[in-house]
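# Structure of the sequence below:
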Amino acid sequence: MTDDTKFVLKHEYERDKGKIYERFNHDEIKYNEKFSELNNKIERQTDLQQRMLDSQERQEKNGEKLNTTMEKIGSEFLDIKYKVQSHDEKLSIVQGVINEKEKGNAQIIGIILTGIFGVISAAIGAAKIFF
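Next up, the predicted model:
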């Protein structure tokens, strides 16, 4: 009729059931630890990415400021370039005027020296006559 070998004794059943629950608890603890580690890693990575995003935003703001400054410097540089060109033109005009005056002064000095030597030679000639 019924075979006694197919039945499990109650204390064996309770012991095996306890082992199964113990295994469930052990696996649950292990998975919870792994989940906690993974969650910590994700939080650290999220924090690092947020810092990198903040840093990148600051760099973009600094880049915009630098770009604005460089544009101002470029326009100011062009203004200075044109001022230097106009000063060069004015200096060349002044140099030309100075050169012309130097030529005129040399001619005046030549005329004055010629006049002085003419007066001296006339005076010497007149002195021979009177003395």
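# Now do the same contact list for K65.
Neighbour list for K65: empty [criterion: Cβ atoms under 8 Å, 6 or more residues apart in numbering]. C-beta here means a position set from N, CA and C on the backbone, and glycine is covered the same way.
# The strand or helix carrying it: how far from the chain's middle?
K65 belongs to helix 10-130 when elements are defined using DSSP states H and E. Its chain's average C-alpha position is 6 Å from that of helix 10-130, according to Cα atoms, centre = their mean, to the nearest Å.
# since we're on N39, how many residues are nearby?
10 (other Cβ atoms under 10 Å).
# per-residue pLDDT, it?
Per-residue pLDDT puts N39 at 96.
# Repeat that for A127.
Here, the pLDDT recorded for A127 equals 79.
# Neighbours of it, how many?
For A127, using other Cβ under 10 Å, the count is 9.
# Check E71 too.
10.
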